[in-house]
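Student: Fold the following.
(one chain, ligands or ions: 1)
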Amino acid sequence: MTLNGKKSPGLIADWETLQRIFIRPEDEACRQTLVKYMEQILFGLHDFLNSNVGVTEPISLKELTREFRDTLISPNPEKKLESVISDIIDQIAPRAVNVASPYFVGHMTSAIPFFMVHLKAIVAALNQNVIKLETSKVLSVLEKQVLAKIHRLIFNKSEGFYQTHVQSVDTSLGAFTTGGTTANITAMWLARNRFFDAISKEQGVEEHGMVAAMQARGLERAVILVSKRGHFSLKKAGGLLGIGNSNVLPMDVDSGHRVDVKKLETTIRELKAHGRTGIIALVGIAGTTETGTVDPLDDLADLCQEHDIHFHVDAAWGGPVLLSERYAHRLKGIERADSVTMDGHKQFYMPMTCGMVYFRDPKAMDLVAYHSNYVNRQGSVDLGIKSLEGSREANALILDSSLKIMGSRGYALMIDHGIETAKLFAAEIERRDGFQIITQPELNILTYRVVPPSLAARLKTADLGSREAINDVLDQLNTHVQRTQREAGNSFVSRTRLNLGPLDKKGVVVLRSVIMNPMTTIKILNEILDEQEGIAADFKQAGDVSI
Ligand SMILES: Cc1ncc(COP(=O)(O)O)c(C=O)c1O
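Tutor: Next up is the predicted model:
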């Protein structure tokens, strides 16, 4: 079945039509449709986004899946472009998630400035492939320039340094990736090669694999250290790189959800004393996914320096905070990292998808260089030589244009708004009976939970057993509140599970808010809390602890 159940009559696949669609729209009606919808998409997003403050049309996943069951590809065309576009606008868009809504404060995906859609359209129209100069030319040169700009933002080397490396064929300051996941994997890939190559280049791990490299170094195990708040992409890196995801060791955090440096130091000493375990990298997080907290990066840099460990900072979320004069200091120590991950599609407000990875040492990426005869030849400037990805779109054009349009001050306004609105939100949560703040916003993410006053009073005096029973009920209540609010479709916060302190092994369900949409105001956040209060009030009884 097609989207609206109707097929256009008499459409056939023929060579003449096929040739026409490579140079112009099918016919005048089609052209008009394209222009109409491009106008709508480019200048107002479209009516749906403007008229719906809520986050999604109330249609269940079950109902949706019923409509998407046809698995046959039609031999002949089913529809003209004009009606395909109409279908998307009328039937797909309203059922997608309106992540641009200021009431959508649950994930790291949000509204983007309207001009991003223009820039994305230009990138698609040019269709450059920055894997190689032959399919991108100026876009590759521009990418190197943008990489140098962000490298400078992080590492702040001298003008001379950037003049040497910005367009150097021999060095790389970083790479664009598809996202934070591939950026983290790239950094761990390089850290692994760096660790093993320092001992035995002849039995290099990239060429001979982990078994040979481990044997050459007399090791039984290689590990990556990161706080237990680390993003799961690091586990993927462990799996992919032959380190093993169970060897991505989750380090304890303090009560502020930052890695516990004392315990970390003890772990490093113990691992080193063992003698047969290699530490590939230590990862600090600048803006954890769940709580937005920043690890003590300077302390981690000290540890890495003392023990000669690769220091990676996962700043997928928090990196752009460096653009804010008011809050950049919260990332102090990032400039001492060996490598840094950043996401374009998070706080650089770019459309999906764009990530980046940066290296302090411009020669570092030599450890992951690949050549072939038809592309990425030795000595060429082809960006695909040092890149996990193969073909890639010219995302640097979007970031570069956006930096020009907004300047660092424009970005800083959005960053500051997010952090300051999150602070106001936290104060409001603390002011209200019936809510408990779990983590304060260091950046613009905070967590809290609904705790009815009667249970809050009981929690204060309860022994361990009763506390667990009350927390179980609160878990059910908060899960119910989050689900009900999501399904009602007016607003959205996400939920996760967090430990209340180092002694709480089980953790509790918490609601998580990410404040990055500049249109999200404290008034809107109050409405979200009001709705949650209402849902909680209807949830009368759960388990054997009444509320
Ligand atoms: C801290 C952190 N690192 C890495 C990632 C992975 O990024 P992506 O989803 O772009 O692959 C995320 C995503 O939320 C993140 O929060």
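Student: drop to CA atoms for contacts and neighbour counts, all remaining ones
Tutor: Fine.
Student: got the residues of the protein near the ligand?
Tutor: Gly179, Gly180, Thr181, His231, Gly287, Thr288, Thr289, Asp314, Ala316, Trp317, Asp343 (CA under 6 Å from any ligand atom).
Student: which among those gets closest to Met414?
Tutor: Among these, Trp317 lies closest to Met414 (CA to CA), at 13.8 Å.
Student: Surely that closest one is in a strand?
Tutor: No: for Trp317, which was evaluated using DSSP: H, G, I helix; E, B strand; the rest coil, the result is coil, with no strand membership.
Student: Settle this for me: Thr447 is touching Ser513, isn't it.
Tutor: Yes: judged on CA atoms under 8 Å, Thr447 makes contact with Ser513 at a distance of 6.3 Å.
Student: Give the residues shared as contacts by the two.
Tutor: When contacts are counted by CA atoms under 8 Å, 6 or more residues apart in numbering, Thr447 and Ser513 have no shared neighbour.
Student: Next up, the contacts around the closest residue to the ligand within the stretch 301-450 of the chain.
Tutor: As assessed by CA to the nearest ligand atom, the ligand sits closest to Ala316 within the stretch 301-450 of the chain, at 4.8 Å. Shown in contact with Ala316 (CA under 8 Å, 6+ apart): Gly180, Ala286, Gly287, Thr341, Met342, Asp343, Lys346, Gly355.
Student: Can you read off the backbone torsions of it?
Tutor: phi -50, psi -40 (degrees, to the nearest 10).
Student: Need the nearest residue in space to it, chain neighbours excluded.
Tutor: Met342 (3.8 Å; CA to CA, 6 or more residues apart in numbering).
Student: do Tyr103 as well
Tutor: Leaving aside its chain neighbours, Tyr103 sits nearest to Ser491 (4.7 Å; criterion: CA to CA, 6+ apart).
Student: cool, and Asn127?
Tutor: Glu393 (7.0 Å).
Student: isn't that neighbour right up against Val123?
Tutor: Yes: between Glu393 and Val123 there is a contact under CA under 8 Å: 7.3 Å.
Student: Among those two, which residue is more densely surrounded?
Tutor: Ranked by neighbour count (other CA atoms under 10 Å), Glu393 and Val123 place Glu393 first, with 22 against 17.
Student: Could you tell me which residues make contact with the more buried one?
Tutor: Counting by CA under 8 Å, 6+ apart, Glu393 touches Val123, Asn127, Gln128, Asn129, Val130.
Student: what do you get for Glu531?
Tutor: Gln485.
Student: Number the chain from 48, please
Tutor: Got it, first residue is 48 now, which makes that one Glu578.
Student: ok, it to the ligand distance?
Tutor: Counting by CA to the nearest ligand atom, to the nearest Å, the gap from Glu578 to the ligand is 26 Å.
Student: Look up the pLDDT of that residue for me, please.
Tutor: For Glu578, the pLDDT comes out at 97.
Student: coming back round to it: give the contact list for the residue nearest to Ala363.
Tutor: Gly227, Ala230, Asp361, Ala362, Ala363, Trp364, Gly365, Gly366, Pro367, Gly402, Met403, Val404.
Student: what's the most distant pair in those?
Tutor: Ala230 and Pro367 (15.4 Å).
Student: Those two: which has the busier surroundings?
Tutor: Per other CA under 10 Å, whichever of Ala230 and Pro367 has more neighbours is Ala230, with 31 against 25.
Student: what bits of the stretch 148-297 of the chain have low per-residue confidence?
Tutor: 246-250 (pLDDT under 70).
Student: for the chain, same thing?
Tutor: 48-56, 70-71, 90-105, 246-250, 587-594.
Student: If you count contacts, what does the host helix or strand of Ala195 end up packed against?
Tutor: Take DSSP states H and E as the rule and Ala195 turns out to sit in helix 185-202. Judged by 3 or more CA pairs under 8 Å, 6 or more residues apart in numbering; DSSP states H and E, the packing partners of helix 185-202 are helix 206-212, strand 221-224, strand 402-406, helix 442-478.
Student: Parallel or antiparallel, list what pairs with the second one.
Tutor: Spelled out, it's strand 221-224. strand 402-406 (antiparallel) (DSSP bridges).
Student: could you give the angle of the partner strand to helix 442-478?
Tutor: Inter-element angle recorded for strand 402-406 and helix 442-478: 100 degrees (by axes from the mean of the first three to the mean of the last three CA atoms, to 10 degrees).
Student: how much distance is there from strand 402-406 to the middle of the chain?
Tutor: Put simply, strand 402-406 sits 13 Å off its chain's centre (CA atoms, centre = their mean, to the nearest Å).
Student: likewise stretch 506-517?
Tutor: 37 Å.
Student: Which residue, neighbours along the chain excluded, lies closest to Pro312?
Tutor: One correction, residue 312 is Glu, not Pro. According to CA to CA, 6+ apart, the nearest residue to Glu312 is Leu350 (7.2 Å).
Student: is it fair to say the one you found lies in a helix?
Tutor: Yes: Leu350: assigned to a helix according to three-state DSSP.
Student: got the CA positions of whatever helix or strand Glu86 lives in in PDB?
Tutor: Element membership of Glu86 [criterion: DSSP H and E] is helix 75-91. Extracted in PDB, the C-alpha atoms of helix 75-91 (Å, rounded to 0.1, in the frame of the first residue of the first chain):
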ATOM      1  CA  GLU A  75       5.100  22.400 -14.700                       C
ATOM      2  CA  ALA A  76       2.800  21.100 -12.000                       C
ATOM      3  CA  CYS A  77       5.600  19.300 -10.400                       C
ATOM      4  CA  ARG A  78       7.800  22.400 -10.600                       C
ATOM      5  CA  GLN A  79       5.200  24.400  -8.800                       C
ATOM      6  CA  THR A  80       4.900  21.800  -6.100                       C
ATOM      7  CA  LEU A  81       8.600  21.700  -5.600                       C
ATOM      8  CA  VAL A  82       8.800  25.500  -5.300                       C
ATOM      9  CA  LYS A  83       5.700  25.600  -3.000                       C
ATOM     10  CA  TYR A  84       7.100  23.100  -0.600                       C
ATOM     11  CA  MET A  85      10.700  24.300  -0.800                       C
ATOM     12  CA  GLU A  86       9.300  27.700   0.300                       C
ATOM     13  CA  GLN A  87       7.400  26.200   3.100                       C
ATOM     14  CA  ILE A  88      10.300  24.100   4.300                       C
ATOM     15  CA  LEU A  89      12.900  26.800   3.900                       C
ATOM     16  CA  PHE A  90      11.100  29.800   5.300                       C
ATOM     17  CA  GLY A  91       8.700  28.600   7.900                       C
END
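Student: tell me which residues in that helix are buried?
Tutor: By neighbour count with 16 or more other CA atoms under 10 Å, helix 75-91 contains the buried residues Cys77, Thr80, Leu81, Tyr84, Met85, Ile88, Leu89.
Student: which strands and helices sit next to it?
Tutor: Looks like helix 75-91 contacts helix 128-134, helix 162-173 (3+ CA pairs under 8 Å, 6+ apart).
Student: again, only this time at 7 Å
Tutor: helix 128-134 (3 or more CA pairs under 7 Å, 6 or more residues apart in numbering; DSSP states H and E).
Student: The lengthiest strand in the chain packs against which elements?
Tutor: Identified as the longest strand of the chain according to DSSP state E is strand 324-332. Applying 3+ CA pairs under 7 Å, 6+ apart, we find strand 324-332 packed against helix 227-244, strand 268-274, strand 357-361.
Student: Identify the residue of the stretch 48-197 of the chain closest to the ligand, quick one.
Tutor: Nearest residue of the stretch 48-197 of the chain to the ligand, counting by CA to the nearest ligand atom: Met155, 6.5 Å away.
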